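Trainee: Would you be able to build a 3D model of this:
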Amino acid sequence: MLKELCSEGYLVSDGIGRGTTYHLNKDSNLNSSDGNLNSSDGNLNSSDENLNSSDENLNSSNDDYLKTNTQKTIKKKCSQKELFGIIQNSTQTWKSVEEIALEIRRSTQYLKGEIIPVMVNKGLLEREHAMPNHPAQRYKRKF
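Mentor: Below is the predicted model of the structure:
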């Protein structure tokens, strides 16, 4: 249903997969008298409240990053070298894989399985805890 609303121009999507967020398309010249935008449609009206409350799930460091880098877009497809650079830029402080995944719009499974171990082996990232599978493991770029 959200995909359909996006294709009709009512919503704008941002992100990939489970991390996708939606907001109302305020740039469109949609006629408010359109039957689809009836104020009696509780689902559409309450969706804005749900979207606003979803921001609370992001931690403050991600919020600050997103606010200061709204113009910067991360490509869906990029080379491994480009992805390494993006991750290094985002890990100036200790961050968990989940925080990194949200920030760069990639899945945690992909980062944990294919990207983070390679970066650690190449000396691009360092672990906060010596044990690789530590439940509170966080990463920071090496200088």
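
Trainee: What part of the protein, helix or strand, is modelled with the least confidence?
Mentor: helix 60-68 (a mean of 47; mean pLDDT, DSSP states H and E).

Trainee: and stretch 126-136, average pLDDT?
Mentor: On average, the pLDDT along stretch 126-136 is 88.

Trainee: Can you get me the start-to-end distance on it?
Mentor: 14 Å (C-alpha to C-alpha, to the nearest Å).

Trainee: Just say helix, strand or coil for Lys140.
Mentor: Following DSSP: H, G, I helix; E, B strand; the rest coil, Lys140 is assigned to strand.

Trainee: And Ser13, what's its pLDDT?
Mentor: Turning to Ser13, the model gives it a pLDDT of 86.

Trainee: looking at it, Leu2 is touching Val12, isn't it?
Mentor: No - with contact defined as C-beta atoms under 8 Å, Leu2 does not count as touching Val12 (10.7 Å). Bear in mind the C-beta positions are built from the backbone N, C-alpha and C, glycine included.

Trainee: Between these two, which has more neighbouring residues?
Mentor: Val12 (15 against 12; other C-beta atoms under 10 Å).

Trainee: Where do the strands of this protein begin and end?
Mentor: Remark: strands assigned in the chain by DSSP state E are 11-14, 21-24, 125-127, 139-141.

Trainee: Can you give me every residue that contacts the residue nearest to Asn25 when sequence neighbours are not counted?
Mentor: Distances taken as C-beta to C-beta, 6 or more residues apart in numbering put Val12 closest to Asn25, at 4.8 Å, once the chain neighbours are dropped. Residues near Val12 by C-beta atoms under 8 Å, 6 or more residues apart in numbering: 6, 22-25.

Trainee: Glu8: neighbouring residues, count only.
Mentor: Glu8, neighbours per other C-beta under 10 Å, totals 13.
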